[in-house]
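[1] sharing a model that was predicted from the sequence below.
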Amino acid sequence: MPIISITKKTALVLSLFSASVTLSGQNPPGPGGPETGGPQQRTLTGCLSKGEGEHDYKLTTENGATWELRSNNVALSRHSGQTVTVTGRVQNELHGAKGKNKDERDKDATEHGHLKVTKVSVVSGSCKK
C-alpha cells in the first residue's frame, strides 16, 4: 500500500508542477488591456462636428455623450456635419460627472471622452436634429 500512496502523491505533485509551469509560460496581457488600465478600443455613432482646435473634432451621440476626436490617418474634416460611426482608441474617458464625494458619480450625467480615431464610416449625409 505505501507504494500506491507515494505514487498518488507523486502524481499530484507532478500535476501541480506541470500546471504552474504552463501558467507561468503564458504571455502577460499586452499594453492597453483592461488589466493595465491602458487605452481600449471603442466604436461610437453620432454627429460629427468641427472642434475648437485645427485638427479637433467632436462627436455627439444620440444619448448626449460627447467625444473629442483626433486622427493622424483618417480625414475627419470630410465628414463634418454627417452622422458617422468611428472606431478608435480611448485616450481619456469619464462616465458621469463627479459629485461632492470624489468616489460619487452622477448616474444621469452623460459620458465624455477623447478618442484617437482609426476608422470612420458614414451612416447618414447629415445629422438628425
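    Structure received.
[2] list the buried residues in the one helix or strand residue 49 maps to.
    In the assignment (DSSP states H and E), residue 49 maps to strand 41-50. Within strand 41-50, the residues that qualify as buried are 44, 46, 47, 48, 49, counting by 16 or more other CB atoms under 10 Å. Quick note: C-beta positions are derived from backbone N, CA and C, even for glycine.
[3] now the strands for the chain?
    41-50, 57-61, 66-70, 83-95, 111-124 (DSSP state E).
[4] parallel or antiparallel, list what pairs with the third one.
    Taking DSSP bridges as the criterion, strand 66-70 pairs within the sheet with strand 57-61 (antiparallel), strand 111-124 (parallel).
[5] and the angle for the last one with strand 41-50?
    Angular relation of strand 111-124 and strand 41-50 on a 0 to 180 degree scale: 80 degrees, by axes from the mean of the first three to the mean of the last three CA atoms, to 10 degrees.
[6] then the first one?
    Counting by the same axes, to 10 degrees, strand 57-61 lies at 110 degrees to strand 41-50.
[7] any idea of the angle strand 57-61 forms with strand 83-95?
    With the same axes, to 10 degrees applied, the angle from strand 57-61 to strand 83-95 works out at 90 degrees.
[8] now strand 57-61 - C-alpha only, PDB.
    The C-alpha trace of strand 57-61 is given here as PDB (Å, rounded to 0.1, in the frame of the first residue of the first chain):
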ATOM      1  CA  TYR A  57     -13.500  67.200 -33.900                       C
ATOM      2  CA  LYS A  58     -16.400  66.500 -31.700                       C
ATOM      3  CA  LEU A  59     -18.800  63.500 -31.800                       C
ATOM      4  CA  THR A  60     -22.200  63.800 -30.100                       C
ATOM      5  CA  THR A  61     -24.000  60.500 -29.700                       C
END
